[in-house]
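Asker: fold the following.
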Amino acid sequence: MRLANDSGACIRHHSASLIIVERSLAMSLSAIAQYIFTDDTAAGRMKTITWLQAQGLLANTMHCNICSTNMDMVQRNREGTQNDKWAWRCPDCSSIKSIRSGSWFEGVRCPLNKLMYLVYSWATKRSLSQAIGDVNVGKKMGINVYQWCRDICSWTLVNGPDIKLGGPGQIVQIDESVFTHQGKNKRGHALPPVWVFGMVDISHAPALGYMEIVDQRDAATLLPIISDHINPGTTVWSDMWAAYNGIGALPGILRHETVNHSRQFITGTGVHTNTIETYWNRVKLSLKAMRGVRRESLPSYLDEFMWRERYGTSTQGAFQKLFEQIAAKHPLP
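Answerer: Residues are numbered from 1 along each chain as shown. As a prediction, this is how the structure comes out:
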């Protein structure tokens, strides 16, 4: 990458870029946020740009569309919501390209360092109000960035390895839970409750789960989900909901054992659904911390919870995995 000042004098920046990247690799996540994302000077913006280039999220080189010349990175001090204080400029025809050209960030009207701080805040479960206050951006921008992060979670779960629970010698508990009770829309019309079907592999601590919103809680709806997401050789524990009666006949299911909650919460042989009840509590507490969730947004919040179970058990891991997956979903041209 070549840097140039406004007079056109070129500066080789490879060594400085490597120093920034090497420092960031040794830093904690909070130190990255402080050292890179909160410095609003031109030099500070360059730290963010260089860090994003190292993650494969911004181009290291750019070609001019007019004359096919390699472009230089130049400092630009124009005002605006997308002002990153640096841009690509052709040394021959002086045409300009955004530093974000072809990237996930193209068209987003917010400085890159502030965008990255919002992503950092999402990864560390920082509240939206705290995050937007830290970097002085509008609430709408903060909401959008947090939703973009959840969209990456959803994309990863769909396009990553199939979610399978259990296996030989393992137990999976299943249950359904209502997440949005019957309410009213703006015109006062009754809205149906939102039911979520879930299953947890109790061989993990905490239990590893899978959730899916369902329109019906009948066998035709639930049995295919069980079949798709449970490994052969698994023992399934459930309550005595009638839709579960056919589980034992599903291919690959070793046994189906039940507990009658009208009589007991754990059988003499140890069968129970306490673990998935704890799982529901964990999920609902995570939603309660956000002061409620719109029903149309619930699928993405459930995906975020499942994503964090698999990819974001630590905040550092969540942050790094998110960027790897952004790069996979939005490769540079």
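Asker: quick one, helices of the stretch 51-200 of the chain?
Answerer: Along the stretch 51-200 of the chain, counting by DSSP state H, counting those that start in this stretch, helices occupy 112-123, 128-135, 139-159.
Asker: so which of the ones you listed gets nearest W51?
Answerer: With Cβ to Cβ as the measure, helix 112-123 is the member of those nearest W51 (7.8 Å). All C-beta atoms are positioned from the backbone trio N, CA, C, and that covers glycine.
Asker: who touches stretch 150-165?
Answerer: Surrounding stretch 150-165, the residues in contact under the criterion Cβ atoms under 8 Å, 6 or more residues apart in numbering are 172, 199-201, 208-210, 228-231, 234, 299-301, 303-304, 306-308, 311, 322, 325-326, 329.
Asker: can you select the buried ones among the residues you listed for me in ChimeraX?
Answerer: Buried residues within the contacts of stretch 150-165, as defined by 16 or more other Cβ atoms under 10 Å, are selected in ChimeraX through the command that follows:
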select :172,199,200,201,208,209,210,229,230,234,299,300,301,303,304,306,307,308,311,322,325,326
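Asker: so of the contacts of stretch 150-165, which ones are in helices?
Answerer: With helices taken from DSSP state H, the overlap with these comprises 228-229, 299-301, 303-304, 306-308, 311, 322, 325-326, 329.
Asker: so how far is the first residue of stretch 92-108 from its last?
Answerer: Counting by Cα to Cα, to the nearest Å, the length from the leading to the trailing residue of stretch 92-108 is 28 Å.
Asker: now that stretch: buried residues?
Answerer: Quick answer for stretch 92-108 (16+ other Cβ under 10 Å): 97-101, 103-105, 108.
Asker: what's in contact with that stretch?
Answerer: Counting by Cβ under 8 Å, 6+ apart, the neighbours of stretch 92-108 from elsewhere in the structure are 49, 57-59, 62, 64-67, 69, 71, 73, 76, 82, 84, 86-90, 112, 115, 326, 329-330, 332-333.
Asker: give me the buried subset of the residues you listed.
Answerer: Neighbour counting by 16+ other Cβ under 10 Å classes 49, 57-59, 62, 64, 71, 73, 82, 84, 86-90, 112, 115, 326, 330 among those as buried.
Asker: in strands, which of those residues appear?
Answerer: Using DSSP state E, the members of those that fall in strands are 73, 86-89.
Asker: would you check which pair of those lies furthest apart?
Answerer: Distance extremes for those: the farthest pair is W86 and R89 at 9.8 Å, using Cβ to Cβ.
Asker: common neighbours of these two, please.
Answerer: Among the neighbours of W86, those also in contact with R89 (Cβ under 8 Å, 6+ apart) are 73-74.
Asker: wait, which of the helices of the stretch 51-200 of the chain is closest to I247?
Answerer: Comparing the helices of the stretch 51-200 of the chain against I247 with Cβ to Cβ, the closest turns out to be helix 139-159 (23.8 Å).
Asker: what pLDDT, on average, does the closest one get?
Answerer: When the per-residue pLDDT values of helix 139-159 are averaged, the result is 95.
Asker: buried stuff in it?
Answerer: When neighbours are counted by 16+ other Cβ under 10 Å, the buried residues of helix 139-159 are found to be 141-142, 145-146, 148-150, 152-157.
Asker: what is the nearest of the residues you listed to D134?
Answerer: Ranking those by separation from D134, with Cβ to Cβ as the measure, puts G142 on top at 10.1 Å.
Asker: so the closest residue to R217 other than its chain neighbours versus Q325, what's the distance?
Answerer: In this structure, R217 finds its nearest non-sequential neighbour in E176, 5.5 Å apart by Cβ to Cβ, 6 or more residues apart in numbering. Noted for E176: a distance of 30 Å to Q325, by Cβ to Cβ, to the nearest Å.
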